[in-house]
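Enquirer: here is the input, now give the coordinates:
(one chain, ligands or ions: 1)
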Amino acid sequence: MSDLGLAGKAAIITGAAGGLGFAFAEGLARAGARVAIADLNIDAAGKAARTLVDQGGTAMAAAVDVSDEASVGAMIARVHDAYGAVDILVNNAGVYAGLQRKPFYEITAGEWDRVMNVNLKGPFLCAKAAYPHMKGRGGKIVNVASATVFSGSPLWMHYVSSKGGVIAMTRVMARELGNDGVTVNALAPGFTLTEASRAAIADAENYGVARGAIHRAAHPNDMVGACLWLASPLSDFVTGQTIVVDGGRQFI
Ligand code: NAI
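Expert: Model prediction:
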């Protein structure tokens, strides 16, 4: 199918300066959406937006710290001013690769708060600020969780718990917004090769590959189809769901 119904839609992808977020933004731009690369790293976001424009897409960069309510409000307002709408929000920004893996009883309260602030409060704040622009207009919220929630990956309790919270939040939001024409779903990637994840895991190319039904490593583009589908009208009767994209490493 060539037309996903995404042409002209205004899409915000947080944490899209690189990695999975950039792949989502590129996929949405290629499908005709006008994308906003919202990231803490504004230089990298600007570069990413220019790359998409060079490819013929419509893209802008917007600085944001998703854990800061005022910053999120300013970012959403800026994108709305530029595009006149906010139709799609992909809550992708997250901290994980730089986190030191350790037993839960060694995680400090400060580390816990930082992970929760970005990974769980961030999507909440972004959805809260975007929703008024979506209400009654067929909005789409895609929350990037992680398949680690279902395996309970050890030594990463703050991260895994934050992503578990994202899945719970997705279900609540879906129920609250269903009659406003806004769908809310979670995309749960398995381990995927990005610059960040390669730096975090030794022998990343082979990490977990043997456990999958499909014996190869995942690349960011493997996640894009599910994101486009959840952002498009093709999934209009799907809400509150979590789609695991991990080559069959686990079934939920
Ligand atoms: P990444 O580290 O390459 O990208 C994260 C992006 O978020 C960066 O551009 C960073 O600048 C931005 N960011 C961080 N804190 C921010 C903040 N407070 N406000 C705004 N932007 C902020 O990571 P990657 O690998 O692309 O992961 C993207 C998402 O996918 C994350 O939510 C991650 O937890 C999730 N994920 C990744 C998996 C993987 O194996 N790569 C597996 C499962 C989930």
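
Enquirer: going forward, measure contacts between C-alpha atoms and count neighbours the same way
Expert: Noted.

Enquirer: so stretch 218-236, near the ligand or not?
Expert: No - on the criterion CA under 6 Å from any ligand atom, stretch 218-236 is out of touch with the ligand, staying 7.7 Å away.

Enquirer: not counting sequence-adjacent ones, nearest residue to residue 86?
Expert: Nearest in space to residue 86, with sequence neighbours left out and distances taken as CA to CA, 6 or more residues apart in numbering, is residue 10 at 5.1 Å.

Enquirer: who does that neighbour bridge with?
Expert: residue 34 (DSSP bridges).

Enquirer: wait, it sits on residue 85?
Expert: Yes - counting by CA atoms under 8 Å, residue 10 touches residue 85, with 5.9 Å between them.

Enquirer: the more surrounded of these two?
Expert: residue 10 (26 against 20; other CA atoms under 10 Å).

Enquirer: distance check, the more buried one against residue 114.
Expert: Distance check for residue 10 against residue 114: by CA to CA, to the nearest Å, it reads 29 Å.

Enquirer: before we move on, what about residue 31?
Expert: 34 Å.

Enquirer: and these two? Which one has more around it.
Expert: Shown here are residue 31 and residue 114; by other CA under 10 Å, residue 31 has more neighbours (20 against 16).

Enquirer: quick check: residues of the stretch 101-250 of the chain near the ligand?
Expert: 118, 144-146, 189-197.

Enquirer: among those, name the ones in strands.
Expert: 144, 189 (DSSP state E).

Enquirer: and the residues of the stretch 101-250 of the chain next to the ligand, which are buried?
Expert: With burial judged by 16 or more other CA atoms under 10 Å, the buried subset of these is 118, 144-146, 189-194, 196-197.

Enquirer: and residue 112, how far from residue 164?
Expert: Taking CA to CA, one finds residue 112 at 14 Å from residue 164.

Enquirer: quick one, which of the two is more surrounded?
Expert: Neighbours of residue 112 and residue 164, each counted by other CA under 10 Å, are more numerous for residue 164; the result is 20 against 16.

Enquirer: contacting residues for the more buried one?
Expert: If you count contacts by CA atoms under 8 Å, 6 or more residues apart in numbering, residue 164 has them with 145, 149.

Enquirer: then residue 155?
Expert: 101-104.

Enquirer: which of those residues sits closest to the ligand?
Expert: Of all those, residue 101 has the smallest distance to the ligand: 14.1 Å, by CA to the nearest ligand atom.

Enquirer: check which helix or strand covers residue 223.
Expert: helix 221-231 (DSSP states H and E).

Enquirer: residues in contact with the closest residue to residue 175 other than its chain neighbours?
Expert: Leaving aside its chain neighbours, residue 175 sits nearest to residue 240 (7.2 Å; criterion: CA to CA, 6+ apart). Applying CA under 8 Å, 6+ apart to residue 240 gives the contacts 170-175, 183-186.

Enquirer: okay, and for the stretch 1-150 of the chain, where does confidence drop off?
Expert: 1-2 (pLDDT under 70).

Enquirer: please redo it, this time with the cut-off set to 50
Expert: 1 (pLDDT under 50).

Enquirer: residue 90 in helix, strand or coil?
Expert: strand (DSSP: H, G, I helix; E, B strand; the rest coil).

Enquirer: tally of neighbours for it?
Expert: Neighbour tally, residue 90, other CA under 10 Å: 29.

Enquirer: now residue 213
Expert: 12.

Enquirer: could you confirm it falls within a strand?
Expert: No - looking at residue 213 with three-state DSSP, it is coil, so not inside a strand.
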